[in-house]
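Enquirer: Compute the structure for the input listed below.
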Amino acid sequence: MIRKGELEMKTCDICDAPLGMFKKFRYAEGYICKACYEKASNHFTETIAKKSYGEIRKLCERQGGLTEDFEITGRIGNYILFDEKNRKICLLNNRINQKQVSEPEFYPLDKISECRIDYRPFMPLGELEDKIKSKEAGTIHSLKVLIKLEDGQEKQIPLISNPVRIKSFAMKQSFSFAKRIAEEIERLKGESVQA
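Expert: Below you'll find the predicted structure:
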């Protein structure tokens with residue numbers, strides 16, 4: 001008969017941290033803790049259920065070194081993370097947004113020269129907002145946030161890449177995300193100018 005307290009404590013397969021009943025995450029061959037899950041799932045944006053132990057270990061090791069000087073202080077959807085303390089952003093580049101798996105990208109806020117919402121067909125931003133509010137007929141073919149860096153690079157956060165009706169919930173939600181991303185980057189850039 002097993003007495004209370006004699007049960008072997010389960011630990012994370014990667015870091016050996018104790019696992020509680022509700023603080024464990026399943027992958028193909030076992031369980032990991034929340035900290036390792038955050039690394040292996042690309043900041044909670046990808047599933048790990050079918051990943052092997054080797055894949056999980058590799059992701060945790062890579063992510064551990066990649067984000068040492070990035071402290072998440074905010075996020076907008078599965079698109080972007082903010083680090084106000086170290087004045088950086090992280091573009092998650094998850095499969096949903098990019099249609100491919102790629103590494104997260106980190107950029108200092110002071111290297112961003114411009115951030116704006118780009119959409120096709122083009123019209124004044126206020127006109128598009130009015131059309132969304134009034135649920136007007138029409139279609140938007142693409143919607144993304146463009147981030148221009150001082151070195152001339154241009155990064156994109158695609159929100160819509162196929163035609164969507166202006167009056168649809170998907171358009172309203174995507175436009176809301178785009179506005180929040182652009183406004184937050186501009187707010188944080190403005191803070192660095194004032195400092």
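Enquirer: Looking at the chain, which helix is longest?
Expert: Assignment by DSSP state H gives helix 169-194 as the longest helix of the chain.
Enquirer: Identify each buried residue in that helix, please.
Expert: 171, 174, 175, 177, 178, 181, 182, 184, 185, 188, 189 (16 or more other C-beta atoms under 10 Å). Heads up, the C-betas are built off the backbone N, CA and C, glycines and all.
Enquirer: any chance of these in TSV, with distance to residue 27 and pLDDT too?
Expert: Shown next, in TSV, are the buried residues of helix 169-194 (distance: C-beta to C-beta, whole Å; pLDDT from 0 to 100):
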residue	distance to residue 27	pLDDT
171	36	95
174	31	94
175	36	96
177	29	95
178	33	96
181	31	96
182	36	96
184	32	95
185	34	95
188	35	91
189	38	87
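Enquirer: With distance to residue 40 added, can I get these in a markdown table?
Expert: Formatted as a markdown table, those follow (distance: C-beta to C-beta, whole Å):
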| residue | distance to residue 40 |
| --- | --- |
| 171 | 33 |
| 174 | 28 |
| 175 | 32 |
| 177 | 25 |
| 178 | 29 |
| 181 | 25 |
| 182 | 30 |
| 184 | 27 |
| 185 | 27 |
| 188 | 28 |
| 189 | 32 |
